[in-house]
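Asker: quick check, what structure comes out for this input:
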Amino acid sequence: MTRILVTGMSGTGKTTLLEELGRRGHRVVDTDYGDWHEVVDGERLWHEGRIGALLDGVADDSHELLFVQGTVRNQGHFRDRFDHVVLLSAPAEVIIERLATRTDNPYGKNPAELVETLENLELVEPLLRKSATLEVVTTVPVTEVADVVLAHVRRAKMSS
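Answerer: Below you'll find the predicted structure:
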């Protein structure tokens, strides 16, 4: 099993990419939804027991790919459990437009959430970039983003 973390700021296309990868038959887990997180002191964090169980519950010798999407402060606790960390990024003006027009998630429509996202773009994204094995700028169609991610994962498998 190859485990891939897909991370990035709100509005960069993480959920959209997971939907595309799921359509292509890959196993995907979007930790923004369901029981994957808990709120600690007002901050959403991964529920470490559940994430650990997810990553433990897949056979290492499987040829399957597991894509896990999320951006939380404690994701670094699991960095060594992922074979790849894919950072999705986009220019601020693209993120602003996407947050304003998306219909599947209300996050970012509140002015305070938009400010938080733009602050995270400056402060958090550079930290995510340091641990990423691949960065994809998502100003191209999601099918192209998925192709780039899958090619990266396949190249790494062939070279190991």
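Asker: please make it C-alpha for all contacts and neighbour counts, starting now.
Answerer: Noted.
Asker: against Val115, how distant is Arg79?
Answerer: Distance of Arg79 to Val115, computed by C-alpha to C-alpha, to the nearest Å: 27 Å.
Asker: buried set for stretch 23-41?
Answerer: Neighbour counts using 16 or more other C-alpha atoms under 10 Å place Val28, Val29, Asp30, Thr31, Trp36, His37 of stretch 23-41 among the buried residues.
Asker: quick check: chain neighbours aside, which residue is closest to Arg44?
Answerer: Excluding the flanking residues, the one nearest Arg44 by C-alpha to C-alpha, 6 or more residues apart in numbering is Glu38, at 5.7 Å.
Asker: what strand or helix carries the one you found?
Answerer: Per DSSP states H and E, Glu38 falls inside strand 37-40.
Asker: for the very next helix or strand once past that strand, packing partners?
Answerer: Sequence order places strand 43-46 as the next helix or strand after strand 37-40, per DSSP H and E. Counting contacts by 3 or more C-alpha pairs under 8 Å, 6 or more residues apart in numbering; DSSP states H and E, strand 43-46 is packed against strand 37-40.
Asker: adjacent strands (with direction) for the strand it packs on?
Answerer: Strand pairing for strand 37-40, determined by DSSP bridges: strand 43-46 (antiparallel).
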